[in-house]
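Novice: generate coordinates for the sequence data below:
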Amino acid sequence: MFWKDIRGDELPLDVATVLCDTAVNFGRPKAVMMLQEILKVPTDGTMRPGTLEAIRNYKGDLVGEYLNRRLQQYEQRVKERPDLRPALEGWRNRVNRLHYYIDYGPPALRCSPILSLSPLWSGRFPG
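Specialist: Model (predicted):
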């Protein structure tokens with residue numbers, strides 16, 4: 001649902017990944033509006049051709065700027081609702097890990113704690 005709504009197949013993979021993850025946390029309209037604000041295009045919360053073109057033509061670190069904007073949005077949420085302060089560290093960790101994943105890629109599967117702890121994982125790949 002989120003991937004289709006953000007038109008993920010039409011975006012560079014790094015942009016689509018952070019936009020989709022943000023849509024899960026903020027909702028699709030807010031996630032797209034944050035991107036549109038950076039791109040300086042009309043902010044209607046919908047991925048329209050003008051937004052797609054602005055992404056393709058953007059000069060700079062769009063992913064880095066977008067993730068910084070996301071961190072600012074979390075800070076704003078906490079200012080408006082101090083009861084959310086306990087969640088702030090987890091939100092920051094999520095953004096930092098996502099940025100690391102975008103920059104360096106996923107860890108090797110053989111090092112994955114999920115696979116290595118799985119009773120179904122033998123430690124060897126087939127073939």
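
Novice: C-alpha only now, for contacts and for neighbours.
Specialist: Fine.

Novice: centroid-nearest residue for the protein?
Specialist: residue 18 (2.0 Å; CA atoms, centre = their mean).

Novice: that one reaches residue 63, doesn't it?
Specialist: Yes - in this structure, residue 18 is within contact of residue 63 by CA atoms under 8 Å, at 7.2 Å.

Novice: any idea how far residue 62 is from residue 68?
Specialist: For residue 62, the distance to residue 68 equals 10 Å [CA to CA, to the nearest Å].

Novice: where do the helices of this structure begin and end?
Specialist: Along the chain, the stretches classed as helices by DSSP state H are 2-5, 13-26, 28-39, 49-57, 62-80, 85-104, 113-117.

Novice: okay, these, which one's buried deepest?
Specialist: Comparing these by mean neighbour count (mean count of other CA atoms under 10 Å), helix 28-39 ranks first with a mean of 20.

Novice: contacts for that helix?
Specialist: With CA atoms under 8 Å, 6 or more residues apart in numbering as the test, helix 28-39 has contacts from 2, 5-6, 19-20, 22-23, 42-47, 51, 54-55, 58, 65-66, 69-70.

Novice: shaky segments in the chain?
Specialist: 106-127 (pLDDT under 70).

Novice: rerun that using 90 as the cut-off
Specialist: Within the chain, the segments meeting pLDDT under 90 span 1-5, 100-127.

Novice: ok, residue 54 - contacts?
Specialist: 39, 41.

Novice: do that again at 7 Å, thanks
Specialist: Residue 54 sits next to residue 39 when contact means CA atoms under 7 Å, 6 or more residues apart in numbering.

Novice: from residue 94, how far out is it?
Specialist: For residue 54, the distance to residue 94 - CA to CA - is 26 Å.
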